[in-house]
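Colleague: what would the 3D arrangement of this be:
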Amino acid sequence: MPRPDDISGTAALAICESLLLALNDHRILPEKEIVGVLKDAAAAHEFAPLGDQEALHAAVALLINGILAGGNSVRRP
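Modeller: Numbers count the residues shown, from 1 in each chain. Coordinates of the predicted model:
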């Protein structure tokens with residue numbers, strides 16, 4: 001059984017991805033702005049203060065950068 005934190009994190013990612021896709025589909029935000037949001041989110045974790053959560057921040061930044069490089073988990077090019 002997955003841990004509750006894993007379930008919450010996966011659900012949050014899916015919801016955010018779907019919202020970003022909907023914002024783009026309905027022409028509320030252009031793709032350039034959505035990419036900017038994702039880059040800002042990755043940078044927030046890449047440059048987070050060092051501490052006991054360093055591995056978590058690195059993993060989050062890697063995941064977001066992977067989404068940027070390869071598309072989202074809902075629609076793949």
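Colleague: any idea how far residue 56 lies from residue 65?
Modeller: Distance of residue 56 to residue 65, given as Cβ to Cβ, to the nearest Å: 15 Å. Where you see a C-beta, it was placed from the backbone N, CA and C, and this is true even at glycine.
Colleague: more neighbours: which of these two?
Modeller: residue 65 (17 against 12; other Cβ atoms under 10 Å).
Colleague: show me the contacts for the closest residue to the more buried one other than its chain neighbours.
Modeller: Excluding its sequence neighbours, the residue lying closest to residue 65 (Cβ to Cβ, 6 or more residues apart in numbering) is residue 42, at 5.2 Å. Neighbouring residues of residue 42 by Cβ atoms under 8 Å, 6 or more residues apart in numbering: 60-61, 64-65, 68.
Colleague: among these, which lie within strands?
Modeller: Judged by DSSP state E, those include no members of strands.
Colleague: need the buried ones from these selected in PyMOL.
Modeller: Applied in PyMOL, the following selects the buried portion of these according to 16 or more other Cβ atoms under 10 Å:
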select buried, resi 60+61+64+65
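Colleague: need the contacts of residue 42 in JSON lines (columns: pLDDT).
Modeller: Formatted as JSON lines, the contacts of residue 42 follow (pLDDT from 0 to 100):
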{"residue": "60", "pLDDT": "91"}
{"residue": "61", "pLDDT": "94"}
{"residue": "64", "pLDDT": "91"}
{"residue": "65", "pLDDT": "93"}
{"residue": "68", "pLDDT": "89"}
